[in-house]
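*Asks:* Need the 3D shape of this:
(one chain, ligands or ions: 1)
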Amino acid sequence: MLLVNGIAVAYDAKKVVDDVSFRLHAGEIGCLLGPSGCGKTSVLRAIAGFEPVAQGSIELEGRVVSGVNEHMAPEKRHVGMVFQDFALFPHLTVAENIGFGLGQWSADKRQARVRELLELVELTDFAGRYSYSLSGGQQQRVALARALAPKPDVLLLDEPFSSLDTELREGLARQVRRILRHEGITALLVTHDQAEAFALADHIAVMAQGRVHQWDNAPNLYHRPATRFVAEFIGRGVLLPAKRKSEIWHCELGDFQPLTTVQADTGSCLVRPESVQIQPEGVLAEVLESAYLGTHHLLQVRLPSEHSIWVATTGSEHYQPGQHISLVLRESYLPLVTD
Ligand SMILES: Nc1ncnc2c1ncn2[C@@H]1O[C@H](COP(=O)(O)OP(=O)(O)OP(=O)(O)O)[C@@H](O)[C@H]1O
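*Replies:* This next block holds a predicted model:
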């Protein structure tokens with residue numbers, strides 16, 4: 001288990017991570033998701049033992065490894081790491097790279113573990129090849145197998161797919177999830193890519209400016225964002241002002257029920273492209289832009305209040321900029337934030 005308990009990380013006395021807490025149980029995959037510079041890598045480096053914590057503590061498998069007056073050396077933590085630049089040893093073969101950290105193991109056990117991992121990452125036929133002759137995706141699988149080989153308690157992955165092209169990343173993310181599940185390892189991934197976080201993780205921390213806004217599963221982040229930042233960061237939604245009208249709520253596009261229980265009387269509802277539809281009797285909106293995405297058209301439209309929202313249409317009609325359409329809410333429930 002990994003327990004991060006109210007940690008702060010500071011460089012030159014300036015806190016770049018503040019009061020960050022979350023917990024991963026054995027075998028769970030977590031993710032730190034957020035824009036560049038929000039402190040994701042600093043949290044990961046603190047867990048690995050490369051940065052001290054200025055506040056709070058970190059526990060691995062019930063041992064305190066970092067605290068204000070406590071710091072276990074990185075090599076003693078049983079933590080594996082995979083970085084974005086694969087950092088394979090060019091003068092070693094794939095099999096030698098994977099077995100690199102197993103120097104203490106007997107030759108038999110080492111060979112068996114390397115064979116098992118080669119199979120798991122589907123590179124058995126490449127065992128004797130040198131890393132420079134592999135594709136980016138293959139190299140990253142070798143790096144993953146090498147980090148998994150000594151059976152670390154926790155595996156940390158820092159933007160492991162960011163130097164690969166989009167198509168490869170999606171396939172590799174699914175494959176990595178399968179491999180991590182098979183090994184039953186507790187893992188924490190850092191990424192700024194929402195699709196990657198959703199494809200891989202059981203729990204995701206959405207971070208901004210050194211703080212965790214929400215630690216939750218993907219459906220809850222999507223449907224029940226805790227803050228304005230999460231609402232706007234996850235998916236392509238737009239927040240519209242909303243007001244309570246007795247039991248139900250009202251926004252410019254009509255009446256709705258919030259997806260979460262809310263005490264306040266005013267807030268902002270999250271309208272996503274799939275939350276609205278074009279209907280003859282509705283709110284008149286002007287098309288600003290139209291993009292054809294294969295499965296649907298994505299329109300950007302301006303409402304009478306001047307707010308712009310996105311609308312997904314699956315019909316065969318084409319809409320031109322300047323054209324007027326009329327919109328209603330497709331869903332009676334919408335996410336609502338009040339911060
Ligand atoms: N060694 C350092 N010394 C001083 N400041 C640093 C150091 N490392 C990171 N920072 C600063 O700390 C903040 C958080 O950086 P960090 O790398 O943790 O963010 P990140 O979310 O991982 O960003 P990215 O996605 O761009 O890697 C940034 O403002 C960064 O400039």
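*Asks:* Show me what from the stretch 1-150 of the chain comes close to the ligand.
*Replies:* By Cβ under 6 Å from any ligand atom, the part of the stretch 1-150 of the chain that sits against the ligand consists of 11, 16, 34, 36-42. C-betas here are computed from N, CA, C, even on glycine.
*Asks:* biggest separation within those, which pair?
*Replies:* Greatest spatial distance among these (Cβ to Cβ): Tyr11 and Gly34, at 17.6 Å.
*Asks:* check contacts around the closest residue to Ile248 other than its chain neighbours.
*Replies:* Using Cβ to Cβ, 6 or more residues apart in numbering and skipping the chain neighbours, the partner closest in space to Ile248 is Asp255 (5.0 Å). Counting by Cβ atoms under 8 Å, 6 or more residues apart in numbering, Asp255 makes contact with 245, 248-249, 329, 332.
*Asks:* Starting from the helix or strand where Asp255 lies, tell me which strands it pairs with and how they run.
*Replies:* Counting by DSSP states H and E, the element that carries Asp255 is strand 254-258. Strand pairing for strand 254-258, determined by DSSP bridges: strand 248-251 (antiparallel), strand 333-334 (parallel).
*Asks:* State the mean pLDDT of the helix or strand that the last one is followed by.
*Replies:* Read it as strand 333-334. Next helix or strand after strand 333-334 toward the C-terminus (DSSP H and E): strand 336-337. Per-residue pLDDT values over strand 336-337 give a mean of 95.
*Asks:* and strand 336-337, how far out from the chain's middle?
*Replies:* Taking Cα atoms, centre = their mean, to the nearest Å, one finds strand 336-337 lying 21 Å from the centre of the chain it belongs to.
*Asks:* partners of it, with directions?
*Replies:* Applying DSSP bridges to the sheet, strand 336-337 is found paired with strand 266-271 (antiparallel).
*Asks:* Give me the neighbour count for Tyr130.
*Replies:* Tyr130 has 16 neighbouring residues, counting by other Cβ atoms under 10 Å.
*Asks:* how about it, what does it touch?
*Replies:* Contact analysis of Tyr130 by Cβ under 8 Å, 6+ apart lists 90-94.
*Asks:* ok, now with 10 Å
*Replies:* Taking Cβ atoms under 10 Å, 6 or more residues apart in numbering as the criterion, Tyr130 is in contact with 88-94, 96-97.
*Asks:* any idea how far the one residue in the stretch 51-200 of the chain that gets nearest to the ligand is from Val154?
*Replies:* Using Cβ to the nearest ligand atom, the point where the stretch 51-200 of the chain gets nearest to the ligand is His192, with a distance of 5.2 Å. Computed as Cβ to Cβ, to the nearest Å, the His192 to Val154 distance reads 21 Å.
*Asks:* do Val16 as well
*Replies:* Counting by Cβ to Cβ - Val16 and Val154 are separated by 22 Å.
*Asks:* if you count what's nearby, which of those two comes out ahead?
*Replies:* Counted by other Cβ under 10 Å, Val16 and Val154 do not tie: Val154 has more neighbours, with 22 against 18.
*Asks:* how near is that one to Gln323?
*Replies:* Per Cβ to Cβ, Val154 is found 54 Å from Gln323.
*Asks:* Now do the buried residues in stretch 322-339.
*Replies:* Within stretch 322-339, the residues that count as buried by 16 or more other Cβ atoms under 10 Å are 325, 327, 329-330, 334-337.
*Asks:* helices and strands around the longest strand anywhere in the chain, which ones?
*Replies:* If you go by DSSP state E, the chain has its longest strand at strand 276-292. Packed against strand 276-292 by the contact rule (3 or more Cβ pairs under 10 Å, 6 or more residues apart in numbering; DSSP states H and E) you find strand 254-258, strand 297-302, strand 308-313, strand 324-329.
*Asks:* Direction included, what does the third one pair against?
*Replies:* Which is strand 308-313. Using DSSP bridges, the neighbouring strands of strand 308-313 in the sheet come out as strand 297-302 (antiparallel).
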